[in-house]
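Enquirer: Fold the following.
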Amino acid sequence: MKRIFISPSKYIQGENELYNIGTYIKEFSNKALLVASISDQERIQDYLDKVLEDKELEIISGQFREECTKEEINRMTDLAKVKNCGVFIGLGGGKAIDTAKAAAFYLKKPLIIVPTIAATDAPTSKLSIIYTIEGIFKEYLFLQKNPDIVLVDTGIIAKAPVRYLVSGMGDALSTYFEARSCIRAFADNIPGGKSTKAAFAIACECYRILMKEAVKAKAACEENVVTQSLEDIVEANILLSGLGFESSGLAAAHSVHDGLTILKETHHYLHGEKVAFGTIVHLVLENSSKKELEQVISFCKNIGLPTCLKDLGVTEITKEKIMAVARASCAEGEPMHNMPFPVTPEDVYSAIMVADRLGGK
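Expert: Sure thing, here's the model as predicted:
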């Protein structure tokens, strides 16, 4: 069996590292297209002003419109062509980053990723998640390569709302369990091979760090300071989770997330918040041990992640509504089919209801 491990060419993490982005841009071009929302650009404008003291450097603002859609990706590619940009910068949260990744892919341009929150493991991967304008999951777009550079300034992340860091822990929480399921099923990972021992070791370490450092890192973020615990959790959320999921694989937890996006009530909740509940559903599907389920549910409650449907805004629960989520979770192409046993929509419906009961206690 073929084993494949993939990763970004370079990962850099540390406080005030964004001041060095000019050096990294000029490795590829003197003109970059910045894919970032107006609000995210305002957050880091002081850094950009310092970088742009280098008069040989030009950064064109793309003013990202908040949703990773085919239309927004096309708008960014058109702007980059008109302005003759030689490199893309994806800055902000997962949707801005995914838009930049897709645009760079279509134009075959180098890519620098600068997450301003540690809310997902999107920054390191060669995968973009495409949504409709209404925010409903549409498809996974598998790209040709991982980002050339991932630049993480932990000082910026420490000043972001705590909810984003916690959401990133929810996304990272699924990494070990989904990797484990994929390995048991001999399922393909994202690049089309089997997991390496290195990838699974990274997924295991991701889970270990979450259990050890989450509460302390959340406290640091609440105080807007950088500590070793925060550095460790940022690395787990972005790098370890990113490498772990991509080179080992996704399974039920992310499929449940995708299914939940059809419910309008969930649209105001973050990716990692939905994945956290999806992880509990995943463990119910696997018939995991009581100890493991209790550990995951307790972890989520301790740091403020959703553990039941009510926590995701779903207060009117009907069989019809949850079956629609279950069917969407089992659609063709969903990673639900990476589970080490056949899964039907009826199985997912049952698991969601049990996870909701256990997590709602």
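Enquirer: rest of the way, CA atoms for contacts and neighbours
Expert: Will do.
Enquirer: Just the helices from the stretch 1-150 of the chain, written as ranges.
Expert: Taking DSSP state H, counting those that start in this stretch as the criterion, the stretch 1-150 of the chain carries its helices at 21-25, 38-43, 45-51, 70-83, 94-107.
Enquirer: where are the low-confidence patches of the stretch 201-350 of the chain?
Expert: Counting by pLDDT under 70, the stretch 201-350 of the chain has no low-confidence residues at all.
Enquirer: Distance to residue 359, mean pLDDT and mean neighbour count for the helices of the stretch 1-150 of the chain - can I get that in TSV?
Expert: Below are the helices of the stretch 1-150 of the chain laid out as TSV (distance: least, Cα to Cα, whole Å; pLDDT from 0 to 100; neighbours: other Cα atoms under 10 Å):
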stretch	distance to residue 359	mean pLDDT	mean neighbour count
helix 21-25	43	96	18
helix 38-43	34	93	16
helix 45-51	41	94	15
helix 70-83	36	97	16
helix 94-107	27	96	26
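Enquirer: Please name whichever of these is nearest to residue 332.
Expert: Residue 332 lies closest to helix 70-83 among the helices of the stretch 1-150 of the chain, at 20.4 Å (Cα to Cα).
Enquirer: Packing partners of that closest one?
Expert: Packing partners of helix 70-83 (3 or more Cα pairs under 8 Å, 6 or more residues apart in numbering; DSSP states H and E): helix 94-107.
Enquirer: switch the cut-off to 10 Å
Expert: Of the remaining helices and strands, those touching helix 70-83 by 3 or more Cα pairs under 10 Å, 6 or more residues apart in numbering; DSSP states H and E are strand 31-35, strand 58-61, strand 87-92, helix 94-107, strand 127-131.
Enquirer: got these as a markdown table, with distance to residue 146 columns?
Expert: A markdown table is the format used below for the helices and strands packed on helix 70-83 (distance: least, Cα to Cα, whole Å):
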| stretch | distance to residue 146 |
| --- | --- |
| strand 31-35 | 17 |
| strand 58-61 | 22 |
| strand 87-92 | 13 |
| helix 94-107 | 9 |
| strand 127-131 | 8 |
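Enquirer: Give me the domain ranges for this protein.
Expert: 10-158, 162-359 (automatic domain parsing).
Enquirer: coming back round to it: relative to residue 212, which of the helices of the stretch 1-150 of the chain is closest?
Expert: Comparison of the helices of the stretch 1-150 of the chain against residue 212 by Cα to Cα identifies helix 94-107 as nearest, at 25.1 Å.
Enquirer: Report the angle between the closest one and strand 31-35.
Expert: Using axes from the mean of the first three to the mean of the last three Cα atoms, to 10 degrees, the inter-axis angle of helix 94-107 relative to strand 31-35 is 140 degrees.
Enquirer: Nearest to residue 4, out of the domains of the chain?
Expert: So among these, domain 162-359 is nearest, using Cα to Cα, at 5.2 Å.
Enquirer: Quick one: end-to-end length of the closest one, please.
Expert: Distance between the two ends of domain 162-359: 22 Å, counting by Cα to Cα, to the nearest Å.
Enquirer: tell me how far it is from the chain's mean position?
Expert: In terms of Cα atoms, centre = their mean, to the nearest Å, the centre of domain 162-359 is set 11 Å apart from its chain centre.
Enquirer: what does stretch 134-150 give?
Expert: 10 Å.
Enquirer: for that stretch, what is the average pLDDT?
Expert: For stretch 134-150, mean pLDDT is 91.
Enquirer: Name the nearest residue to residue 61, sequence neighbours excluded.
Expert: In this structure, residue 61 finds its nearest non-sequential neighbour in residue 34, 5.1 Å apart by Cα to Cα, 6 or more residues apart in numbering.
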